[in-house]
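Peer 1: mind looking at a prediction? Sequence and model below.
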Amino acid sequence: MVFGLPATVSAQTLDNNYWLSVMAFFPRVDTDVRVAAAKQADIGTAIDFENDLALDKDEILPSLTAGARFGRAIVGADFYKLNRKGTVNLARDISFDGVVYPANVQVRSGVDSQIYRFTVGYAFVQTPSVELGAAVGAHVTRFAMSIAGNARVGNQGTPDMQERRRDVLAPLPTLGAFVTWKIAPRVELNGRFDWLSLKIDDYNGRLLNTQVGVNYAVAENLALGVAYRYVDYRLGIDKPVWNGQVRYKLYGPALLLQASF
């Protein structure tokens, strides 16, 4: 499976040691899912939730970021969530978690996600105008995916109402880098890159999470900013009760308001 989303150690400021920012993210969303019941020959259909199930591709996603600097050590935390639902008459048969929803049947679907990000970084370069460092952290994603409508269990029988739902909690470690550069008294450029690719128990994950932006200080402790985020989250699951894959990709511009002290 694939999931993914961003965070904002890059929204830190050089002028103060504590900061809190709220962000409105305007992403393009792409969700691809395959879910199969365990011990069945049917491996499930690769489903595009936006194209196959009519979930919105464009969203407004709020997020919250907090951070602090203790000398060269920098800590940060992020949270955001995205809940989407759709209703559509299927254009093709799809198999999801051991049942088959036939073409022309109306189905309801949803994808809910909650993303938490925690990082601890160290600034190898720290001057009044530039801060550059590396970070380790955790990217914790909780996903819930559901489809409901008339379906056949396996390939036999008359379709009747079936609802299938799968929940995933994927805590994955990350490695990353960050930079903040004050190019003028009121203007700071910032960037962040987080990366992961590894297998942990029943999960095989890959995460690419990057952001670049610029902040303008409108007051001593207040800044406005614009940024661009790209998140590509992939997770493969091979558990005794079910297996599958998910890819969750978000990319687009964002606006932020940051307070610091």
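Peer 2: Perfect, I can see it now.

Peer 1: give me the mean pLDDT for stretch 246-261.
Peer 2: Across stretch 246-261, the average pLDDT comes to 91.

Peer 1: to clarify, my last question referred to stretch 196-205.
Peer 2: The predicted confidence, averaged over stretch 196-205, sits at 72.

Peer 1: now do stretch 181-191
Peer 2: The predicted model assigns stretch 181-191 a mean pLDDT of 93.

Peer 1: output that stretch as CSV, nothing but the C-alphas.
Peer 2: Taking C-alpha atoms only, stretch 181-191 is exported to CSV below (Å, rounded to 0.1, in the frame of the first residue of the first chain):
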residue,chain,number,x,y,z
TRP,A,181,18.4,30.9,4.8
LYS,A,182,17.7,34.5,5.6
ILE,A,183,18.2,36.4,2.3
ALA,A,184,16.9,39.8,3.7
PRO,A,185,16.0,41.1,7.1
ARG,A,186,12.4,40.1,6.7
VAL,A,187,12.7,37.2,4.2
GLU,A,188,13.7,33.6,4.9
LEU,A,189,13.9,30.7,2.4
ASN,A,190,13.4,27.2,3.8
GLY,A,191,13.5,23.7,2.6
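
Peer 1: quick one: it to chain centroid distance?
Peer 2: 27 Å (CA atoms, centre = their mean, to the nearest Å).

Peer 1: tell me which residues are up against that stretch.
Peer 2: Outside stretch 181-191, the residues within contact range by CB atoms under 8 Å, 6 or more residues apart in numbering are 10-14, 128-131, 178-180, 210-217, 223, 227. (Each C-beta comes from the backbone N, C-alpha and C, glycine too.)

Peer 1: equivalent analysis for stretch 150-164, please.
Peer 2: 35, 40, 42, 96-102, 105, 146-149.

Peer 1: as a check, name the ranges of all helices in the chain.
Peer 2: Ranges of helices within the chain: none, based on DSSP state H.

Peer 1: quick one on the thing from earlier: now which of the contacts of stretch 150-164 would you call buried?
Peer 2: Among these, those classed as buried by 16 or more other CB atoms under 10 Å are Val35, Phe96, Asp97, Gly98, Val99, Val100, Tyr101, Val105, Ser146, Ile147, Ala148, Gly149.

Peer 1: so who does the closest residue to Asn89 other than its chain neighbours touch?
Peer 2: Distances taken as CB to CB, 6 or more residues apart in numbering put Gln106 closest to Asn89, at 5.1 Å, once the chain neighbours are dropped. Gln106 is in contact with Thr87, Val88, Asn89, Leu90, Gly149, counting by CB under 8 Å, 6+ apart.

Peer 1: now do 10 Å
Peer 2: In this structure, Gln106 makes contact with Thr87, Val88, Asn89, Leu90, Ala148, Gly149, Asn150, judged by CB atoms under 10 Å, 6 or more residues apart in numbering.

Peer 1: how many residues are close by the residue nearest to the last one when sequence neighbours are not counted?
Peer 2: Think Asn150. Sequence neighbours aside, Pro159 is the residue nearest to Asn150 in space, at 4.0 Å (criterion: CB to CB, 6+ apart). Residues near Pro159, counting by other CB atoms under 10 Å, number 15.

Peer 1: next one: Pro159 from Asp167, what distance?
Peer 2: Pro159 sits 25 Å away from Asp167, going by CB to CB, to the nearest Å.

Peer 1: swap in Lys81?
Peer 2: Distance of Lys81 to Asp167, computed by CB to CB: 14 Å.
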